[in-house]
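**Student:** just need the structure, nothing else, for what follows:
(one chain, ligands or ions: 3)
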Amino acid sequence: MPPFDLPEGDPFGAHNLPYGVFSPLGSDERTVGVRYGDQVLDAGAAAAALGSPYVALLAHPTLGPLLAAGRTAWSDVRRALTAWVTVPSHQETIAPFLHPLSAVTLHLPFEVADYVDFYASENHARNVGRIFRPDAPDSLTPNWKHLPIGYHGRSGTIVVSDTEVVRPSGQRKSPSDPAPVFGPSIRLDIEAEVGFVVGTPSRMGEPVALADFREHVFGLCLLNDWSARDIQAWEYVPLGPFLGKSFATSVSAWITPLDALEESRVAPPERTHELLPYLDDSAEEPGGYDLRISVAINGHVVSEPPFSTMYWTAAQQLAQMTVNGASLRTGDLYGSGTVSGPAERERGSLLELTWNGRDVLELPDGKRTFLEDGDVVTLSAWAPGADGTRVGLGEVTGRIVARG
Ligand SMILES: O=C(O)/C=C/C(=O)CC(=O)CC(=O)O
Ligand SMILES: [Ca+2]
Ligand SMILES: [Mg+2]
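**Tutor:** Residues are numbered from 1 along each chain as shown. Ligands and ions are numbered 1, 2, ... in the order given. Have a look, this model is predicted:
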């Protein structure tokens, strides 16, 4: 098949064009790549061959310059790329710069500035509340319906898909233990999330309004917020998640631009509480995204969390992050929070799927409550595009290994 003819319905066609950073096998040189089917286009080399003005944004070892260039440039570059892969005269010029995915190494595509993680799925928050606070009057904390709850994470331990995840060690103490014990986590979990990547910075002291979300956020990716539930449960009172979540967070190698997901925007669930004006999105464009996520352990699908059920939107999360005047930097990343739908097979963590180890998951290769060494977890997703097409999100995968 000629390189620009893709199989019917390919989720990585010209309607998608996610960005990453790659090196051809055997080379150390990194540069921006655009995924097209099961191939990667060396975007900087293609731009140079075509005499495009976007060489400076694309011939670079990270997505930094493109992220910083802002919304108008994002749309212009995307329009150019679409023409390059669809117009025959351009196709001929850029064909030498297509590499099979199997012949490249993919890297973390941008320098992560700050990392924030939210807690925005009502189904997830209610499940976790029932598990961790069974005696509380409500499964949601009193603030939950009034603001998107979040915490600051550790940007230096964000890793790209396919990076091995070393089982963390730490303190744990179950209610029956007389004293804390130290050792490798025995409740290692996943959190199926979506990560949002900030391009355009903001000025300190100036909150970002809901309507300005698309001016600042470039795109999104799948994110697995690995979580050691035993370490977390003992350490996180009263300041919140710390070492139980900071050892590694995996992201997809591909960042899907928001422009590729226009057709998948949906209204979030109906709001049950009146919101303060800075979070009130009742008069805004639909802020949700219809992303159909799939969670597989060792190749077996255990859950299919629907992102459309998230109570708080990415625009509300951005408004919350900046309402105190905190500024945004290019490369800031924020996680949506674990995505869980209302059904049992839609839960985005093993904590929920096994009800904190009470129930077992039957996999073809054995029973699981939490993750075992050697387990491979893969998140994948697609979104509905125009005319029945599917927009594929790059998958994020990671294998658990014992500390050597
Ligand atoms: O409510 C709790 O006690 C625990 C919350 C978390 O573990 C944080 C969390 O799940 C964040 C997320 O939604 O990803
Ligand atoms: Ca999380
Ligand atoms: Mg994490």
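
**Student:** just checking: what are the partner strands of the helix or strand where residue 193 lies?
**Tutor:** Here residue 193, judged by DSSP states H and E, is contained in strand 192-198. Sheet neighbours of strand 192-198, with direction, are listed as strand 217-224 (antiparallel), strand 333-335 (antiparallel) (DSSP bridges).

**Student:** can you list those in a markdown table and add distance to residue 374 and mean neighbour count?
**Tutor:** Any C-beta I mention is one placed from the backbone N, CA and C, and that applies to glycine too. Listed next are those as a markdown table, based on distance: least, Cβ to Cβ, whole Å; neighbours: other Cβ atoms under 10 Å:
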| stretch | distance to residue 374 | mean neighbour count |
| --- | --- | --- |
| strand 217-224 | 17 | 26 |
| strand 333-335 | 26 | 26 |
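
**Student:** chain center to the strand holding residue 193, what's the gap?
**Tutor:** Computed by Cα atoms, centre = their mean, to the nearest Å, the chain-centroid distance of strand 192-198 equals 3 Å.

**Student:** following that strand, which helix or strand comes up?
**Tutor:** Immediately after strand 192-198, counting by DSSP H and E, sits helix 213-216.

**Student:** would you mind putting the CA coordinates of that next one into CSV?
**Tutor:** Output in CSV follows, covering the C-alpha atoms of helix 213-216 (Å, rounded to 0.1, in the frame of the first residue of the first chain):
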residue,chain,number,x,y,z
PHE,A,213,-9.5,27.3,27.9
ARG,A,214,-8.8,26.7,24.2
GLU,A,215,-6.3,29.7,24.1
HIS,A,216,-4.1,28.0,26.7
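
**Student:** show me what that helix is packed up against.
**Tutor:** Secondary-structure packing of helix 213-216 (3 or more Cβ pairs under 8 Å, 6 or more residues apart in numbering; DSSP states H and E): helix 314-322.

**Student:** and the helix it packs on with strand 192-198, angle?
**Tutor:** Here helix 314-322 runs at an angle of 60 degrees relative to strand 192-198 (axes from the mean of the first three to the mean of the last three Cα atoms, to 10 degrees).

**Student:** tilt between the strand ranked longest in the chain and strand 217-224?
**Tutor:** Assignment by DSSP state E gives strand 390-401 as the longest strand of the chain. If you take the same axes, to 10 degrees, strand 390-401 sits at 40 degrees to strand 217-224.

**Student:** strand 390-401 packs against which elements?
**Tutor:** Here strand 390-401 touches strand 165-166, strand 217-224, strand 249-251, strand 256-257, strand 376-384, going by 3+ Cβ pairs under 8 Å, 6+ apart.

**Student:** can I get the ones you listed in TSV including mean pLDDT and distance to ligand 2?
**Tutor:** Listed next are those as TSV, based on pLDDT from 0 to 100; distance: least, Cβ to the ion, whole Å:
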stretch	mean pLDDT	distance to ligand 2
strand 165-166	98	15
strand 217-224	99	8
strand 249-251	99	8
strand 256-257	98	20
strand 376-384	98	13
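
**Student:** ligand 1: which of the ones you listed is closest?
**Tutor:** strand 217-224 (9.4 Å; Cβ to the nearest ligand atom).

**Student:** the closest one near ligand 3 anywhere?
**Tutor:** No. Legend: contact between strand 217-224 and ligand 3 by Cβ under 5 Å from the ion is lacking; minimum distance shown is 8.1 Å.

**Student:** and the stretch 51-200 of the chain, which of its residues are near ligand 1?
**Tutor:** 117, 119, 124, 128, 132, 191, 193 (Cβ under 6 Å from any ligand atom).

**Student:** coming back round to it: flag every buried residue along the longest strand of the chain.
**Tutor:** The neighbour-count check on strand 390-401 (16 or more other Cβ atoms under 10 Å) flags 390, 391, 392, 393, 394, 395, 396, 397, 398, 399, 400 as buried.
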